[in-house]
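Asker: Got a predicted model here, sequence first, then my questions.
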Amino acid sequence: MKPFTIIAIVVFACVTVLQFIRFVLGWPILINGVAVPLWASAIVSVFSALLAVMLWRENRR
């Protein structure tokens, strides 16, 4: 069993869900007074989902 890998999978899955929810609901995010565009959340959601899936597949071997 690889506990760090499982924790990483859970973290990436949570990031995926939260970024997707932000994209769908249109939650605004300001970083130092600059608005982060919604399309950035879509990209981050897809990227973190890919990382979670790749880690999950690697962990199954």
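Answerer: It's in.

Asker: Flag the shaky bits of the chain, pLDDT-wise.
Answerer: Along the chain, segments meeting pLDDT under 70 span 1.

Asker: Ignoring the adjacent residues along the chain, who's closest to residue 26?
Answerer: residue 38 (6.3 Å; CB to CB, 6 or more residues apart in numbering). In this view, the C-beta of every residue, glycine as well, is placed from N, C-alpha and C.

Asker: And the strands in this protein?
Answerer: Under the criterion DSSP state E, the chain contains strands at 30-31, 34-35.

Asker: Identify all contacting residues around the first one.
Answerer: In this case it means strand 30-31. residue 36 (CB atoms under 8 Å, 6 or more residues apart in numbering).

Asker: So residue 55 versus residue 23, what's the distance?
Answerer: Separation of residue 55 from residue 23 (CB to CB, to the nearest Å) stands at 22 Å.

Asker: Measure how buried the closest residue to residue 42 other than its chain neighbours is and give me the count.
Answerer: Closest residue to residue 42 apart from its sequence neighbours, by CB to CB, 6+ apart: residue 23 at 5.0 Å. Residue 23 has 17 neighbours, counted by other CB atoms under 10 Å.

Asker: is residue 35 in a bridge, and if so with what?
Answerer: residue 30 (DSSP bridges).

Asker: My read is that it contacts residue 26, right?
Answerer: No. Between residue 35 and residue 26 there is no contact under CB atoms under 8 Å: 11.6 Å.

Asker: rewinding a little: wait, the residue nearest to residue 42 touches residue 45, no?
Answerer: Yes. Counting by CB under 8 Å, residue 23 touches residue 45, with 6.2 Å between them.
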